[in-house]
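Asker: no sequence for this one, just the structure:
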């Protein structure tokens, strides 16, 4: 895909992205996603990501995302607690250790820099 494109995010087909079982705190969350663009050097990635309800932990990359649907509370260790839902934009810093409590299936569009 070229750098310039348009994509309807709510309708985009996503592929399974299995979670490491050690990331799951509670529930049976399932993750799907799709990379829609990646820089030639692999340091920048744009995509769509979705997670079903549950609680998971993660260590973040430098990321900006916009929630398309669903809701979650994201606790950043030694930082803020973010409550996000449709239309919200959030920024996570590289190395942030987070706990995601997903209340309803969340779909987001993201831009990551590694």
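Answerer: Received, thanks. All values reported here derive from a predicted model rather than from experimental measurement.

Asker: and for stretch 29-49, what's in contact with it?
Answerer: Residues outside stretch 29-49 that contact it (C-beta atoms under 8 Å, 6 or more residues apart in numbering): 1, 3, 5, 7, 9, 12-19, 50-56, 65, 68, 102, 107-114. Backbone N, C-alpha and C define where each C-beta goes, glycine included.

Asker: again, but for stretch 103-114
Answerer: Counting by C-beta under 8 Å, 6+ apart, 9-10, 42-53, 61-73, 84, 94 sit against stretch 103-114.

Asker: before we move on, what about stretch 77-87?
Answerer: Identification of contacts with stretch 77-87 by C-beta under 8 Å, 6+ apart yields 66-76, 90, 96-99, 106.

Asker: of those, select the buried ones using a ChimeraX command.
Answerer: Here is the ChimeraX selection string for the buried members of the contacts of stretch 77-87, based on 16 or more other C-beta atoms under 10 Å:
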select :66,67,68,70,71,72,74,90,96,98,99,106
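
Asker: can you tell me how far the nearest residue to residue 16 once chain neighbours are set aside sits from residue 12?
Answerer: In space, and not counting its chain neighbours, residue 16 is closest to residue 32: 5.6 Å by C-beta to C-beta, 6 or more residues apart in numbering. Distance of residue 32 to residue 12, computed by C-beta to C-beta, to the nearest Å: 10 Å.
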